[in-house]
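Asks: Kindly generate the corresponding structure for this input.
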Amino acid sequence: MTVYVSPEGLKKLQDELVRHETALRDLRRDKTVAYTDSGDTWHDNPYFNKLQQDEEGLAKKIADLQRMIGEARIFVAEPRSIDKVRIGSIVRFSRTYEKTGEQTDEVWEIVGFGETDVEKNRAGYNSPMAQALMGMIPGETKNGTLPKGLVEYEVIELYSDWDSVPR
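Replies: Modelled structure (predicted):
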């Protein structure tokens, strides 16, 4: 599974890997203590059993992160595309919900895998909204599906940076 990340996104994944590896080392130390402190090894030792399950979960997360980092493709959004929505684009679009007729005018940046930040209007390229917008050009409309139902997107404008976005 190829994932696209910014250099900052790759650093974030690498930092998360280090945190999980540290947690796994600590957990294994605790597991060893729990194993030797119970006179009956793992029999009738729910704490040891829980640590063993936690260890398996962390080991899987670590393997997934290692695979993701190994397959990651770094993208640099400079210069940003202002002709077509791509990873790194800052896009103003309208979204109209078919069921309610509700319409919104929004500006979002399309970012890499795991870099979504709703408070900063950053949506990962793999989100349903970003997937619908990818490849669109200003003036183009397209239908998409969100949890609220069918929506129509219209790309209004693409910006070269956040300073260019009208307030």
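Asks: shaky segments in the chain?
Replies: The model of the chain has pLDDT under 70 over residues 1, 38-43.
Asks: any idea which helix is longest in it?
Replies: In the chain, taking DSSP state H as the definition, the longest helix is helix 7-37.
Asks: helices and strands around that helix, which ones?
Replies: helix 46-71 (3 or more C-beta pairs under 8 Å, 6 or more residues apart in numbering; DSSP states H and E). Heads up, the C-betas are built off the backbone N, CA and C, glycines and all.
Asks: any idea which helix or strand comes after the helix it packs on?
Replies: Counting by DSSP states H and E, the next helix or strand C-terminal to helix 46-71 is strand 73-74.
Asks: Three-state assignment for the residue most central in space within the chain, please.
Replies: Residue closest to the average C-alpha location in the chain (C-alpha atoms, centre = their mean): Gly114, at 2.1 Å. On the three-state scheme (DSSP: H, G, I helix; E, B strand; the rest coil), Gly114 is labelled coil.
Asks: Pretty sure Glu154 sits against Ile137.
Replies: No - the criterion here is C-beta atoms under 8 Å, and Glu154 misses it with Ile137 at 10.9 Å.
Asks: ok, the residue nearest to the centre of the chain - contacts?
Replies: When contacts are counted by C-beta atoms under 8 Å, 6 or more residues apart in numbering, Gly114 touches Val3, Val5, Gly9, Lys12, Leu13, Gly124.
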